[in-house]
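Student: return atomic coordinates for the entry below.
(2 chains)
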Amino acid sequence: KQEVTQIPAALSVPEGENLVLNCSFTDSAIYNLQWFRQDPGKGLTSLLLIQSSQREQTSGRLNASLDKSSGRSTLYIAASQPGDSATYLCAVSGQGGSEKLVFGKGMKLTVNP
Amino acid sequence: DGGITQSPKYLFRKEGQNVTLSCEQNLNHDAMYWYRQDPGQGLRLIYYSQIVNDFQKGDIAEGYSVSREKKESFPLTVTSAQKNPTAFYLCASRPQGNQETQYFGPGTRLLVL
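Tutor: Predicted coordinates:
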């Protein structure tokens, strides 16, 4: 059974730091990996989707990498801002495609001004 | 505006009562999902539907029921058999294609009186 782990569960940093968020998964037979953002009491917003054949994806200050063989992904946030404060969740889909996602528990990020 | 709506935002359930959470989307997406999120936890899949009049159990379907009579709507009923219903419930939808992400609604918080 696929398990997704995000460590640490929470992180507090001063504004301006470059950040690396980690995600690991136990079964490397994934179809894709996604990073989501969740603000308190809200739904999830998709940030980046990396196909299993890709190594990384970039969107603005965000860069996500995927090492399928080692079961790891990282989300890099450049020049963090207070508006980046949120919970970040990693999710993987199995070989069947994106119809079913397995989520990590998330990492709560606080960026202090 | 296209999107996913969930109602109500807060819902209170009495002991032994069934309650229904609404999820509507006007994105013309084929697949729809229901997740449960507990504090400090990731999302767990309750039910999903890939096409009208068809749905499948997720990882924690016991005590829940769904219907998919229309493409736009995927209501979730929390039955009296669900002994620990207090949680944040998220609905999502996804267009066809294995590389498509899921789009989430704003969520419904269910509380037991």
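
Student: which ones are touching the residue nearest in space to the middle of chain B?
Tutor: Computing the C-alpha centroid of chain B and ranking residues by C-alpha atoms, centre = their mean puts residue B:34 first, at 2.9 Å. Counting by C-beta atoms under 8 Å, 6 or more residues apart in numbering or on different chains, residue B:34 touches B:21, B:23, B:45-48, B:58, B:64, B:66, B:74, B:76, B:89-91. Backbone N, C-alpha and C define where each C-beta goes, glycine included.

Student: sitting in strands, which of those residues do you find?
Tutor: Residues of the contacts of residue B:34 located in strands (DSSP state E): B:21, B:23, B:45-48, B:64, B:66, B:76, B:89-91.

Student: I'd like to know how many residues surround residue A:62.
Tutor: 18 (other C-beta atoms under 10 Å in any protein chain shown).

Student: output the below-cut-off pLDDT ranges for chain A.
Tutor: Filtered on pLDDT under 70, chain A yields the residue ranges A:95-98.

Student: helix or strand for the residue of chain B most remote from its centre, which one?
Tutor: Distance from the C-alpha centroid of chain B peaks at residue B:99, with 21.6 Å (C-alpha atoms, centre = their mean). Using DSSP states H and E, residue B:99 maps to neither a helix nor a strand.

Student: name the residues of chain B found near chain A, please.
Tutor: Selection of chain B residues close to chain A by C-beta under 8 Å from any C-beta of the partner chain yields B:4, B:31, B:40-45, B:48, B:50, B:58, B:88, B:90, B:92, B:94, B:97-107, B:109.

Student: I'd like the contacts of residue B:34 laid out as a markdown table, including pLDDT.
Tutor: Output for the contacts of residue B:34, formatted as a markdown table (pLDDT from 0 to 100):
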| residue | pLDDT |
| --- | --- |
| B:21 | 97 |
| B:23 | 98 |
| B:45 | 94 |
| B:46 | 96 |
| B:47 | 96 |
| B:48 | 94 |
| B:58 | 92 |
| B:64 | 97 |
| B:66 | 98 |
| B:74 | 98 |
| B:76 | 98 |
| B:89 | 98 |
| B:90 | 97 |
| B:91 | 97 |
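
Student: closest to chain A out of those?
Tutor: Nearest to chain A among the contacts of residue B:34 is residue B:90, at 5.7 Å by C-beta to the nearest C-beta.

Student: and the residue nearest to that closest one when sequence neighbours are not counted, how far from residue A:38?
Tutor: Closest residue in space to residue B:90, ignoring its immediate chain neighbours: residue B:35 at 4.6 Å, by C-beta to C-beta, 6 or more residues apart in numbering or on different chains. Using C-beta to C-beta, to the nearest Å, residue B:35 is found at 11 Å from residue A:38.
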